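Trainee: Here you go, sequence then predicted model.
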Amino acid sequence: MFKRMLSAFGVGGPTVDTVLDSPTAMPGQTVTGRVSIQGGSAEAAIDQIVLSLVTRAEAEHGGHEAHGVAEFHRVVVQQGVRVAPNQRLDIPFQLPLPWETPITAVGPTQLPGMTVGVRTELVISAAPDKGDLDPLTITPLPSQNAVLDAFGQLGFTFRSADVEIGRIHGIPQQLGFYQEIEFFPPAHAAGRVTEVELTFVATPGGVWVVLEADRRRGFLQPGGDAFGRFHIAHAEAETTDWAALIGDWLTQVADRGPAFGGGMNPAFGGGHAPNPAFGHPQQHGHYDPHHHGHERRGPGMGGVIAGAAAGAIGGMIIGDMIGDAFEGDDGGDDFAEE
């Protein structure tokens, strides 16, 4: 909740309170709520009330990493608002979430480092008056959750998550960034693969699943990254045997030689070589969701992330995490180098 006096009007000015009907949503859904304005001692004129979605993101340039607040969606709630002395106005709003909105929680557990917020901005005489952020918890779509559960069943261990500025070659992104969820591999692959990164790019019709494995470099072993990509309709993704599919991909990546390195896989550029991720070149990376492999059962991704995140989160609540992550934000999208 954001409640503050508008600094442009000084003492006696109106106060604004932004309230979300629910603090939890999934990508593609619409967040609703209201902006409540309580008039002060004098009449006030507000040119625009704007809501925006922001997240913490990283960018790499010149060999350095830069971190900052990235705005990725804006909605003008209302224009030309006049507030009489002591008048109360409740202005309802609808804020559609892009399908590529980053996931910030799996089950009841917040992903360490992941933050998404709704920022309220009031434009008064062409000058923005920006307030604090309302935290928003973004949970996976059912299609995404099916993939995450498979990671848990296979014995992956959650490592970290972040948002990176950039685009993935060959994937139809709408936003200028993508989320990476990083995992340590299962024990049987730990000696040959150091980590696996998972990226979702969702659309109204389906979801892209992009995998990147960092193969351990050793004596007489080329190492390097191996990539895989996959696209499927949301409904089919919920019934696909992802544990078998990802398990087979990981086995191939861990066991095979240079052919499974980066460069030739069409997911990340270079030629039209068979996609090694899912083993069916004639299907161009598509998988038959009606074919089910060996059934594997495990704790599921919620349990895996909960266990790994407990130490990182400690006693913090989501409001504290949002405040810490956006501390020092001046309302812009500038990035500070590290």
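Mentor: Now that the structure is in, tell me what you want to look at. Numbers count the residues shown, from 1 in each chain.

Trainee: tell me the domain ranges of this protein?
Mentor: Domain assignment for the chain by automatic domain parsing gives 2-137, 142-302.

Trainee: and those, which one is worst for confidence?
Mentor: Mean pLDDT per stretch puts domain 142-302 lowest among those, at a mean of 74.

Trainee: distance between the ends of stretch 188-197?
Mentor: Terminal residues of stretch 188-197 lie 17 Å apart, using Cα to Cα, to the nearest Å.

Trainee: now stretch 151-163
Mentor: Span of stretch 151-163 from end to end, Cα to Cα: 20 Å.

Trainee: can I get the domains of the chain in JSON lines with mean neighbour count?
Mentor: All C-beta spots, glycine's among them, are computed from the backbone N, C-alpha and C. Listed next are the domains of the chain as JSON lines, based on neighbours: other Cβ atoms under 10 Å:
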{"stretch": "domain 2-137", "mean neighbour count": "17"}
{"stretch": "domain 142-302", "mean neighbour count": "18"}
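
Trainee: which phi and psi does F156 have?
Mentor: phi -70, psi 150 (degrees, to the nearest 10).

Trainee: Run through the bridge partners of the spatially closest residue to it that is not a sequence neighbour.
Mentor: Once flanking residues are discounted, F156 sits nearest to F183: 4.1 Å by Cβ to Cβ, 6 or more residues apart in numbering. For F183, the beta-bridge partners are F158, V196 (DSSP bridges).

Trainee: Make residue 1 into 532 and carry on from there
Mentor: Happy to do that; since the first residue is 532 now, the last one works out to F714.

Trainee: thought F714 was touching R690?
Mentor: Yes - judged on Cβ atoms under 8 Å, F714 makes contact with R690 at a distance of 5.7 Å.

Trainee: anything in contact with each of those two?
Mentor: E726 (Cβ atoms under 8 Å, 6 or more residues apart in numbering).

Trainee: Find the residue closest to T668 in space, skipping its chain neighbours.
Mentor: With Cβ to Cβ, 6+ apart, the residue lying closest to T668 is T555, at 4.5 Å.

Trainee: contacting residues for that neighbour?
Mentor: 636, 667-670.

Trainee: Tell me which of those residues fall in strands.
Mentor: With strands taken from DSSP state E, the overlap with these comprises 636, 668-669.

Trainee: Go through those and say which is closest to Q579.
Mentor: Proximity of the ones in strands among the contacts of T555 to Q579 was ranked by Cβ to Cβ; the top entry is I669 with 25.8 Å.

Trainee: quick one on the thing from earlier: make TSV out of the contacts of T555 and add distance to H762.
Mentor: Output for these, formatted as TSV (distance: Cβ to Cβ, whole Å):
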residue	distance to H762
A636	25
L667	27
T668	27
I669	21
T670	22
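
Trainee: out of these, which one sits closest to V614?
Mentor: When these are ranked by distance to V614 (Cβ to Cβ), L667 comes first, at 26.4 Å.
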